[in-house]
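Undergrad: Make a model of this:
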Amino acid sequence: MSIWIYLILLLLFTILGGAIPFLFKQFKSEWITLLLAFSGSFLLGITLLHLMPETFHELGEKAGIFIIVGFFFQLILQRFSHGVEHGHVHEHPGHTHNILPIFVGLSVHAFMEGIPLGFNYQSSGTMPSIFLGVAAHKIPEAITLSALLLISPTKYSKWFYVILFAMVSPISGMMAMYYGQKFYFISNALVYIIPVVIGAFLHISTTILYESGTKHHQLSTQKIAAVLLGIGLAMATLLLHVHE
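TA: Next up, the predicted model:
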């Protein structure tokens, strides 16, 4: 499948996720909890099974350094995004959120998410697997952003923020693909940027699994099922490599 189709589908999936809180007022928070558990485990599986082998193949042990950088960069970034990328919407009586710094922090994260979609991989099965992992994460991410927009005063239309957010990852994927093919130094830089993104993915996915819907760090049966489904489907993507 063409990378352009992946990017267009990612745009549509993100808009679809962002539309859910606007169109379905009865959307239950329990659903987003299970969706987050699934997407977090699926993204973790895709990262470990596909992205990490690719980046260690390219960089060797140096990849670990950049993964650590990405992990802590995401830790810093969430100070601005307030954890929206892993499903957090903090509501306090009488308190309203300033959406702009949250949106900027979330968009920086979304820009990082799109970069792996513009990279050339050794295995033909890696790209569709990464697309599925990113798309699975973008839907609950967009839902959480929209839920936050519903309780926050905004200067612009709430749809404006959702559509603009949905465009960020496809644009970064297009930029990585275009400039990576046009300029050798950018193509070379992407090899080092990918492990930074991996570090961010590891932080987000593990935070989702640790925190989402967990009271006193106890796992519900439904969340365990969602996690096992996510990991199981991630492992199933290894079948994409069978005929290579």
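Undergrad: hey, where'd the helices end up in the chain?
TA: Listed in chain order, the helices found in the chain under DSSP state H are 3-23, 29-46, 52-59, 63-81, 99-114, 126-150, 158-182, 184-211, 221-236.
Undergrad: Mind listing what's buried along the third one?
TA: Spelled out, it's helix 52-59. For helix 52-59, the neighbour count (16 or more other Cβ atoms under 10 Å) marks 52, 54-56, 58-59 as buried. C-beta coordinates here come from the backbone N, C-alpha and C atoms, glycine included.
Undergrad: who's in contact with residue 158?
TA: 22, 146, 149-150 (Cβ atoms under 8 Å, 6 or more residues apart in numbering).
Undergrad: and it, what pLDDT?
TA: Per-residue confidence at residue 158 stands at 87 (pLDDT).
Undergrad: where does the protein dip in pLDDT?
TA: For the chain, applying pLDDT under 70 flags the ranges 1, 26-30, 80-97, 211-219, 241-244.
Undergrad: go again using 80 as the cut-off
TA: Scanning the chain for pLDDT under 80 picks out the ranges 1-2, 25-32, 78-99, 122-125, 151-156, 210-220, 240-244.
Undergrad: show me the contacts for residue 79.
TA: By Cβ under 8 Å, 6+ apart, residue 79 lies in contact with residue 105.
Undergrad: Looking at the buried residues of helix 52-59, which one is closest to residue 229?
TA: Within the buried residues of helix 52-59, the smallest distance to residue 229 is 21.4 Å, found for residue 52 (Cβ to Cβ).
Undergrad: Please verify my assumption that the closest one contacts residue 197.
TA: No - Residue 52 is not in contact with residue 197 according to Cβ atoms under 8 Å; the separation is 11.1 Å.
Undergrad: can you redo the buried residues of helix 52-59 as TSV with distance to residue 135?
TA: What follows is those, written out as TSV (distance: Cβ to Cβ, whole Å):
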residue	distance to residue 135
52	19
54	19
55	20
56	24
58	24
59	26
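Undergrad: rewinding a little: by neighbour count, which of the contacts of residue 158 wins?
TA: If you count neighbours using other Cβ atoms under 10 Å, the busiest of the contacts of residue 158 is residue 149, which has 25 neighbours.
Undergrad: That residue against residue 162, yeah?
TA: Yes - counting by Cβ under 8 Å, residue 149 touches residue 162, with 7.4 Å between them.
Undergrad: before we move on, back to that, output the helices of the chain in JSON lines, with distance to residue 120 appended to each entry.
TA: Putting the helices of the chain into JSON lines (distance: least, Cβ to Cβ, whole Å) gives the following:
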{"stretch": "helix 3-23", "distance to residue 120": "10"}
{"stretch": "helix 29-46", "distance to residue 120": "17"}
{"stretch": "helix 52-59", "distance to residue 120": "10"}
{"stretch": "helix 63-81", "distance to residue 120": "17"}
{"stretch": "helix 99-114", "distance to residue 120": "15"}
{"stretch": "helix 126-150", "distance to residue 120": "9"}
{"stretch": "helix 158-182", "distance to residue 120": "7"}
{"stretch": "helix 184-211", "distance to residue 120": "8"}
{"stretch": "helix 221-236", "distance to residue 120": "22"}
